[in-house]
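[1] no letters, just coordinates:
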């Protein structure tokens, strides 16, 4: 089932954890390329993007930092945070795209809790950093058993465009992805 961008949001937990001067250049380049899609998606779809927990704006490209709202919240109880819960309830959000660090810790707990609250939770695998990459397949299998699927920002952008059925937006997304 295609996600409707008007009923979707992006939650990024501890977005800059594990990304510092010691991080591999390949990891940072790939992450920054995927993060740049957030800016385009914000402009095309106006999907709200909220960073929770660790988010150092200086470690993000400037346009990305400007497009993401940061809330200082406990990532282990983000669903109970009145700002998040209130926003989700009043905005008719049904699909939550979730990413961040660490995949097998904070992102896992947030995903399971979100599914428990009845949200269609999808993991943004390209925006999720695992502490141990060997655990990634095991974790994604575990999440899939709970109906939580992995996707990417590229797939989410295309899915939102197609769900709207607007040829001009689909064309813009294809340009954004090329």
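    Perfect, I can see it now. Model, not experiment: these values are computed from the prediction.
[2] the lengthiest helix in the chain: how far from the chain's middle?
    The longest helix of the chain (DSSP state H) is helix 25-45. In terms of C-alpha atoms, centre = their mean, to the nearest Å, the gap separating the centre of helix 25-45 from the centre of its chain is 11 Å.
[3] buried residues, that helix. List them.
    31, 34-42, 44-45 (16 or more other C-beta atoms under 10 Å). Where C-beta positions appear, they are placed from N, C-alpha and C, glycine not excepted.
[4] residues in contact with that helix?
    5, 8, 10, 19, 47, 49, 60-61, 63-64, 66-68, 124, 126-127, 129, 152-154, 156-157, 160-161, 169, 172-173, 176-177 (C-beta atoms under 8 Å, 6 or more residues apart in numbering).
[5] where do the helices sit along this structure?
    With DSSP H as the criterion, the chain has helices at 25-45, 62-67, 82-90, 108-116, 136-145, 153-164, 167-177.
[6] comparing the ones you listed, which comes out most buried?
    helix 153-164 (a mean of 20; mean count of other C-beta atoms under 10 Å).
[7] what's the longest strand in the chain?
    Counting by DSSP state E, the longest strand found in the chain is strand 120-129.
[8] just want the angle from the helix or strand of the chain with the lowest mean pLDDT to helix 167-177.
    None of the helices or strands of the chain scores lower by mean pLDDT, DSSP states H and E than helix 25-45, at a mean of 81. Put simply, helix 25-45 runs at 170 degrees to helix 167-177, going by axes from the mean of the first three to the mean of the last three C-alpha atoms, to 10 degrees.
[9] what's the angle from helix 25-45 to strand 120-129?
    Using the same axes, to 10 degrees: helix 25-45 against strand 120-129 is 140 degrees.
[10] orientation of helix 25-45 relative to helix 153-164 in degrees?
    20 degrees.
[11] average pLDDT across stretch 86-105?
    Mean per-residue pLDDT for stretch 86-105: 93.
[12] now do the buried residues in it.
    87-88, 93, 95-105.
[13] returning to what we had before: can I get the helices of the chain in CSV including distance to residue 56?
    Output for the helices of the chain, formatted as CSV (distance: least, C-beta to C-beta, whole Å):
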stretch, distance to residue 56
helix 25-45, 13
helix 62-67, 9
helix 82-90, 20
helix 108-116, 19
helix 136-145, 24
helix 153-164, 20
helix 167-177, 26
